[in-house]
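Asker: Pasting a predicted model and its sequence here:
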Amino acid sequence: MDSLIQYLISSFSLGGLYALMTLGLVVVYGILRLINFAYGELVMVAGYGLLLFGNTDLAWPLVALFSIIAAIVAAVIMERVAFRPVRFGSANTMLITSFAVSTLLQNVTLLAISPRPQAVRLPSFFVESITAGNLRLRIVDLASIVVSVLALVVLTVLVRRTTIGIALRAAADDFTMTRLLGVRANLLISVAFAISGLLAGIVAIFWVGRSSLVEPAVGLQPVLIAFIAAVVGGMENLKGAVLGGYLLGFLWVGLQTWLPQAMLDYRNAVLFGIVIVILLIRPEGLIRPVYSRERR
Amino acid sequence: MALLDVEDLHVRYGAIVALRGMSLTVNQGEIVGLIGVNGAGKSTTMKAIMQVVRPERGTITYEGQSLIGMTPENVVRRGIAPVMEGRRIFPALTIEENLRLGAAIRNDRDGIKADMDKWCQFFPILGERLAKPAGTLSGGQQQMLAVARGLMSRPKLVLMDEPSLGLSPKLVGEVFGLIAELRGLGVTILLIEQNVRMTLNIVDRAYLVNTGRVEFVGTPDEIRQHADLEQAYLGGGRAAASVRTASGG
Amino acid sequence: MSGSARRSPLAQIAITSVILCGILIIIGLLTNTFGDRVLVRVVTVLFINVVLTVALQIFMGNSGLSSFGHIAFMAIGAYSSLWFTLTPEEKNRTLPDMPETWIMHGWHTDFLPAILLAGGVAAVVGGLLGVALVRLRGASFTIATFAFLIVVHTVALNWDPMTRGSRTVFGIPDLTTLWIALGAALIVVVAGLLFRESPVGLRLRAARDDEDAAASIGIHIAWVRWVAWISSVFIAGAAGALWAHFITTFSPAAFYISETFVVVAMLIIGGSGSVSGAVLGAVLVSLSSEWLRRLEGWLNQHRSDGTIIGQLIPIELRGFAEIVIAIAMIIILIKRPAGLTGGREVGWDSFGPRRTVPPGMPIANVPASAQE
């Protein structure tokens, strides 16, 4: 029983982060049909934000806030500088551009900061645990569960209640028609990128919090997971992204808990093998939207 | 002064020429028909006005200002609402959300609410199913939603592309009835249709379009007087070419 | 050159082959005559890069699909060439975890057959994967190839008997000379040009430009894609074998995301639509990254000297070449998405229809993917 609770908490904690991460990828894909390879670098930006702001006298909540803002700004600038000029090119051109942006940001960080992992100053609760009976629960896990659920609720309200949120969902289905209702394309795309940056920033805090280290490749593993979860959940589907993220969290912790050590090293191979298989049998993802149709 | 004035419009899709000198005028308060067979250039005209496709040359003037080079959203923000071919509603969004997006360019909360109520009374089925996904509506109901959504922006000019397409005869009648009613509300309409008879019943003037340009323009009576014309546009594109001499331009 | 009669495709291929091969041969001869040992190494890598980039071009350029997985096939080729060329004694040193009882352990062959076999292994793996892959489109295809890169990387990191895991394999015989690399580049360039104008290549390009139209005139799209894919990964595997026997020591880290980026960058900068573009990109990127690396080293040296130039450099420079290449690539994608060659072959007397956006095409500020 205890081990089950432990498993559930670990899974919900990790799954929540994956869900946010996947959502950040899918919210942009929905509108631009761009799989943003540079998404992991937004996590990196926020991670280094934690490092740089953490070395100042700022209170930690402000450090976290500024780091998230840094990721949002980076996302919006990324769109403005690199993606907007190629928006009218082929989908391939955008994809390759994002790959180039990713490499560029990685290497700039390597150059300007350091290729080595660096320790981030975190508040003590990140490493503390509480004990309840036989359970030892890490506070950071509990916090990430709460924060990810909170973020999902806020986002749900945003895409259900606000005009821009409704427009985001509409544009994922038919971008041209959305514009033909007077919704400004540039604004909408900027908002999508800002949301993407916000989510990457939140994820970064907990992701970096798990190891207390930040390095240029810090965003790689989460973005790879987000790719898988997005494929599993169906690239255009926000609900699917959340489900896919949680599913991956449960799967990952499950593999971690129950796979023998020798197999554990092949975890990535297994997961990405699954991606290929899913893409082959159901290219539109496991979770299909009810009202789908040919894209215009 | 004309509300919308299109002059000598040329549009090409790669090697395919879609419009070759299309010209038309829509005056305030009119319902104007744009009639022609498939491929005559009707929808391209509409897309060019909305700036979804880029004309090779020609002018599009609306309220005295050129629309050329604007973004589609800015065309909409000047008061033109398109009801596109194939309805183009958002099936996964609720009917209410579809209508709300129709009012995306407006900020008057109360006004939007009032308009939504107004159209829900006009189309009771929409009002009944406000919270349901639009994809659950039948084809005719989706057409109503598309029209209502277009009107939510309080446009000065509505462009409608084949609102009767794919509807049962009974529904076609309803849609045309609706368009006629809209005139009473003071909306100016450019109606693109293949259905000649029904269109001539409700429009003030109509343009007969073939192979990318206007073949004939006149009031419904003038068009009906040319039996050969009506025949050509009912019968298909082949016969239309022989009409040119008869119509005299 | 309007007015003059169009030359036949074969004549066109011959002209382009002569020009491209001539340039590569001249680079080879100049290097051999005037170059020091370091330059010979640089140019050998350049030729291997030409092989790899043309391999990528054969698929990406003709099909219009982006593969981020070719480096995985290069890895497969590199490791399998070890299995094929090393003698049992050498295997005991280089791959100490491989059980001596395995057939693989006892068997070995010469370099040339090993290169072909390495390509063959890549082609078999790629062929199986390809059966399924060719059904995917656009971004799904690219994600699937990227996923495959990660699968292969993970397997290479962990399959100790065959790859020595994450540790470096060493003691690989140094068999890839400047001339062998040049020879491979020449063969692949001509093969790429022939493929482009072959019935499969022409059909594939028709499908790239308009999938529905191509299908409607009876082109079996999956089949032509598969043929291009398997040819492409065969060459990538062979390039891996050449590289393994040039570098003589490597680990799985040599075949991952940044290497994928470099080869994609070569193709995109040169222009993915033509073999000339692949060659130009490979030559430009190889030489400029070498030059940038030297510049970086020189600047860093002065920095530690504390001379005047050094004092201008506040931080130790790293990854200079990657940064410059990435920026160059982004600028090219924005300003000239078809690459420096614009997708044209050098020496062709007709450049074909101009690929500018014609009027009537959907307007630029609508995302391509969101257009009707």
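Answerer: That came in fine, so what should we check first? Numbering: from 1, shown residues only, chains lettered A, B, ... in the order given.

Asker: just checking, what packs against the helix or strand of chain C with the lowest mean pLDDT?
Answerer: The helix or strand of chain C with the lowest confidence, counting by mean pLDDT, DSSP states H and E, is helix C:308-311 at a mean of 73. If you count contacts as 3 or more C-beta pairs under 8 Å, 6 or more residues apart in numbering or on different chains; DSSP states H and E, helix C:308-311 packs onto helix C:275-305. Every residue, glycine included, has its C-beta placed from N, CA and C.

Asker: Now the helix it packs on: buried residues?
Answerer: Residues of helix C:275-305 classed as buried under the neighbour-count rule (16 or more other C-beta atoms under 10 Å in any protein chain shown) are C:275-286, C:288-290, C:292-293, C:296, C:299-300, C:302-303.

Asker: what helix or strand does residue 198 sit in?
Answerer: No chain was given, so I picked chain A. Assigning secondary structure by DSSP states H and E places residue A:198 in helix A:185-211.

Asker: my bad, chain B
Answerer: Secondary structure here is read from DSSP H and E; on that basis residue B:198 sits in helix B:196-202.

Asker: Tabulate the CA atom coordinates of that helix in PDB.
Answerer: Backbone C-alpha positions of helix B:196-202 (Å, rounded to 0.1, in the frame of the first residue of the first chain) are rendered in PDB as follows:
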ATOM      1  CA  VAL B 196     -29.500  31.000 -60.600                       C
ATOM      2  CA  ARG B 197     -33.300  31.000 -60.100                       C
ATOM      3  CA  MET B 198     -33.200  31.300 -56.300                       C
ATOM      4  CA  THR B 199     -30.600  34.000 -56.400                       C
ATOM      5  CA  LEU B 200     -32.400  36.100 -59.000                       C
ATOM      6  CA  ASN B 201     -35.400  36.000 -56.600                       C
ATOM      7  CA  ILE B 202     -33.700  37.900 -53.900                       C
END
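
Asker: now it: mean pLDDT?
Answerer: For helix B:196-202, the mean per-residue pLDDT is 87.

Asker: Next secondary structure element downstream of the host helix or strand of residue C:239?
Answerer: In this assignment (DSSP H and E), residue C:239 forms part of helix C:221-247. The helix or strand immediately downstream of helix C:221-247 is helix C:257-270, counting by DSSP H and E.

Asker: Quick check: mean pLDDT of that next one?
Answerer: Here the mean pLDDT over helix C:257-270 is 94, rounded to a whole number.

Asker: can you tell me if that helix touches chain A.
Answerer: Yes: in terms of C-beta under 8 Å from any C-beta of the partner chain, part of helix C:257-270 sits within range of chain A, namely C:257, C:258, C:261, C:264, C:265, C:268.

Asker: Mind checking which of these are buried?
Answerer: Applying 16+ other C-beta under 10 Å to the residues of helix C:257-270 next to chain A, the neighbour count classes C:257, C:261, C:264, C:265, C:268 as buried.

Asker: show me what contacts the second one?
Answerer: Okay, so that is residue C:261. When contacts are counted by C-beta atoms under 8 Å, 6 or more residues apart in numbering or on different chains, residue C:261 touches A:99, A:100, A:103, C:322, C:326.

Asker: again with the first one
Answerer: Residue C:257 is in contact with A:220, C:149, counting by C-beta under 8 Å, 6+ apart.

Asker: where's residue B:158, which helix or strand?
Answerer: When secondary structure is defined using DSSP H and E, the element that contains residue B:158 is strand B:157-161.

Asker: what does that strand contact?
Answerer: For strand B:157-161, contacts defined as C-beta under 8 Å, 6+ apart pick out B:3-4, B:26, B:42-43, B:46, B:49-50, B:62, B:79-85, B:147, B:150-151, B:179, B:182, B:187-192.

Asker: Kindly indicate which of the residues of helix C:257-270 next to chain A lies nearest residue C:152.
Answerer: Within the residues of helix C:257-270 next to chain A, the smallest distance to residue C:152 is 12.2 Å, found for residue C:257 (C-beta to C-beta).

Asker: Tell me the spacing between the closest one and chain B.
Answerer: Taken as C-beta to the nearest C-beta, to the nearest Å, the spacing of residue C:257 relative to chain B amounts to 35 Å.

Asker: Buried residues in the helix holding residue B:198, which are they?
Answerer: In helix B:196-202, counting by 16+ other C-beta under 10 Å, buried: B:196, B:198, B:199, B:200, B:202.

Asker: go on, stretch A:231-248?
Answerer: Of the residues in stretch A:231-248, those scored as buried under the neighbour-count criterion (16+ other C-beta under 10 Å) are A:231-238, A:240-248.

Asker: cool, stretch A:159-172 as well?
Answerer: Neighbour-count burial for stretch A:159-172 flags A:159, A:163, A:165, A:166, A:167, A:168, A:169, A:170, A:171, A:172 (criterion: 16+ other C-beta under 10 Å).

Asker: who touches it?
Answerer: Outside stretch A:159-172, the residues within contact range by C-beta under 8 Å, 6+ apart are A:27, A:30-31, A:157-158, A:177-178, A:181, A:183, A:187-188, A:191-192, A:236, A:238, B:90, B:92-93, B:97, B:100-101, B:104, C:370.

Asker: tell me the helices in the chain, going along the chain?
Answerer: Defaulting to chain A. Counting by DSSP state H, chain A has these helices, from start to end: A:2-32, A:39-54, A:60-78, A:91-112, A:139-161, A:163-173, A:175-179, A:185-211, A:220-233, A:238-258, A:261-264, A:267-281.

Asker: Chain B is the one I meant
Answerer: When assigned using DSSP H, the helices of chain B occupy the ranges B:42-49, B:72-77, B:95-102, B:109-122, B:124-128, B:139-151, B:169-184, B:196-202, B:220-225, B:227-235, B:237-247.

Asker: Identify whichever of these lies nearest to residue A:108.
Answerer: The stretch from the helices of chain B with the least distance to residue A:108 (C-beta to C-beta) is helix B:72-77; that distance is 34.8 Å.

Asker: In the closest one, which residues are buried?
Answerer: In terms of neighbour count (16+ other C-beta under 10 Å), helix B:72-77 has its buried residues at B:72, B:73, B:75, B:76.

Asker: With only the CA atoms kept, save that helix in CSV.
Answerer: Included here for helix B:72-77 are C-alpha records, laid out as CSV according to Å, rounded to 0.1, in the frame of the first residue of the first chain:
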residue,chain,number,x,y,z
PRO,B,72,-7.3,39.2,-43.7
GLU,B,73,-8.0,40.2,-40.1
ASN,B,74,-7.7,43.8,-41.0
VAL,B,75,-10.1,43.4,-43.8
VAL,B,76,-12.6,41.9,-41.3
ARG,B,77,-11.9,44.7,-38.9
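
Asker: residue ranges with poor pLDDT in the chain?
Answerer: Picked chain A for this. Within chain A, the set of residues satisfying pLDDT under 70 comprises A:287-296.

Asker: Oops, wrong one, chain B.
Answerer: Low-confidence segments of chain B (pLDDT under 70): B:1, B:227, B:229-249.

Asker: Around the closest residue to residue C:135 other than its chain neighbours, count how many other residues there are.
Answerer: Using C-beta to C-beta, 6 or more residues apart in numbering or on different chains and skipping residues adjacent in sequence, the residue nearest residue C:135 is residue C:222, 6.3 Å away. Residue C:222: 15 surrounding residues under other C-beta atoms under 10 Å in any protein chain shown.

Asker: again, but for residue B:94
Answerer: When counting by other C-beta under 10 Å, one arrives at 19 neighbours for residue B:94.

Asker: show me what contacts residue 115?
Answerer: Since you didn't name a chain, this refers to chain A. For residue A:115, the set of contacting residues under the criterion of C-beta under 8 Å, 6+ apart consists of A:215, A:216, C:318.

Asker: oops, chain B please
Answerer: Contacts of residue B:115 were listed using C-beta under 8 Å, 6+ apart, and they are B:103, B:151, B:152, B:154.

Asker: Also near chain A: which of those residues, exactly?
Answerer: Restricting the contacts of residue B:115 to those near chain A - C-beta under 8 Å from any C-beta - leaves none.

Asker: and residue B:174, how far is that from residue B:141?
Answerer: 10 Å (C-beta to C-beta, to the nearest Å).
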